[in-house]
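# give me the fold of what follows.
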Amino acid sequence: MLIPCVSVGAAGSTVTQKKGENVTLNCPQVQEDESLATTIWYKDDIMKVSMGQSGGTQYTEPSLESKFAVEQDSSLVLMRLDPGDSGNYTCKVFVVNSTGVMDNNSTTWIVLVQDVPSPPGEARIVDTQSRQVKVEWSPSDSDNNSPISNYVVLISECQTGNNKREIVVGESTHQVTITNLEPYTCYQVHVRATNDVGRSLPGPPTSQFYTESESVTAIVDQAGGSCASDTCRDSFLVCEGSVCKYKTGVDCSNGNEHCQSGTACESSSNMICKIQLTEDCSSNPTECGEGLKCDTTSNTCKPTCLGFTLHV
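Numbers count the residues shown, from 1 in each chain. As a prediction, the model looks like this:
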């Protein structure tokens, strides 16, 4: 794999490079009436490598040979940059002028190595409800020389990891409410930070947690449960007087006292909610109770006798 290498020309400037790249830093030029004696490179005022007049290179630490290389023109190549390579690099060139006097010139470079941000702090649960959770976290300790643009909050179900979702918030936001969750379901949350280089590693996740169970006044899936106007879960229920009741024509064998008003659970009809005498049957003309028939004139259930409708 080719590693990008950048050579910088203007002496004494700031150099910004991404992790993994190479960069070449130049030294002061030797004038025509001067002869090069020694070149020394410093990082943060600590000597790292030197090159004598003969071109031999000496490192202060053996491990630096895989990081630094000095070219014949005394320029320094920093290889496979890492955030720890950020710092001030000074090249000091010792020369002998035409009169035989030793002199020196120096140039300092500020090197900034960019990387993804450090992971955010541990994600913490602030508040849990049946269908939402509030999460907070601490910001990343370092943006690694590239400003953080946003935080990405990731939530998924425990163990299976199903239903993964991402919520993106601004760089100054460290708390978010995640909605549209399932009641009494196990979730886990972690957070990543993003800059121009990419996403950080995830910060420490929350402990696994369960959303709250749904309250009886929220979603009701059986007759007899308390309800608001639109919170009976199933299509065979209707909210009547703050109680979910079975609609006409529904099997009521498991709750015969819960048929909606104007109907009754009839054993002769295999425990089905049937419309009773004089009740409106216009929407369900075939659902009148035993011995009743929907009178098309009044649209109410009327008793039948010997095949004739008795008008009462």
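# any idea how far the residue nearest to T278 when sequence neighbours are not counted is from K293?
Leaving aside its chain neighbours, T278 sits nearest to T300 (5.0 Å; criterion: CB to CB, 6 or more residues apart in numbering). C-beta: built from backbone N, CA, C; applies to glycine. Using CB to CB, to the nearest Å, T300 is found at 10 Å from K293.
# and if you look at S75?
The value you get for S75 to K293, if CB to CB is used, is 104 Å.
# again, but for E65
Distance from E65 to K293, by CB to CB: 102 Å.
# so these two - more neighbours on which side?
Set side by side, E65 and K293 show more neighbours around K293, with 18 against 11, by other CB atoms under 10 Å.
# please identify the helix or strand for that one.
strand 292-295 (DSSP states H and E).
# hmm, who's touching that strand?
274-277, 281-282, 285-286, 288, 300-304, 309, 311 (CB atoms under 8 Å, 6 or more residues apart in numbering).
# tell me the helix or strand right after that strand.
Strand 292-295 is succeeded, C-terminally, by strand 300-305 (DSSP H and E).
# buried residues, that following strand. List them.
For strand 300-305, a neighbour-count test (16 or more other CB atoms under 10 Å) marks 300-303 as buried.
# out of the residues you listed, which comes closest to C244?
C301 (23.6 Å; CB to CB).
# in this structure the closest one contacts G291, no?
No. Taking contacts as CB atoms under 8 Å, C301 lies outside contact range of G291: 9.5 Å.
# so which helix or strand takes in the closest residue to G198 other than its chain neighbours?
Spatially, and ignoring its direct neighbours in sequence, G198 is nearest to V116 (4.7 Å; CB to CB, 6+ apart). Assessed by DSSP H and E, V116 sits outside every helix and strand.
# circling back: do I have it right that the residue nearest to T278 meets C281?
Yes. With contact defined as CB under 8 Å, T300 counts as touching C281 (6.2 Å).
# burial of the residue lying closest to E290 once chain neighbours are set aside, as a residue count?
Nearest residue to E290, sequence neighbours excluded (CB to CB, 6+ apart): S268, at 5.0 Å. By other CB under 10 Å, 10 other residues sit near S268.
# and for N163?
13.
# confidence score at it?
At N163, the pLDDT value in this model is 74.
# try G9
46.
# what do you get for the one 5 residues further on?
The model reports T14 with a pLDDT of 91.
# now do the contacts for it.
Per CB under 8 Å, 6+ apart, neighbours of T14: 109-112.
# out of the residues you listed, who's nearest Q29?
W109 (15.2 Å).
# so who does the residue nearest the centre of the chain touch?
Nearest residue to the geometric centre of the chain (CA atoms, centre = their mean): V153, 2.6 Å. Under the criterion of CB under 8 Å, 6+ apart, the neighbours of V153 are 123, 135, 166-169, 176, 178, 189-191.
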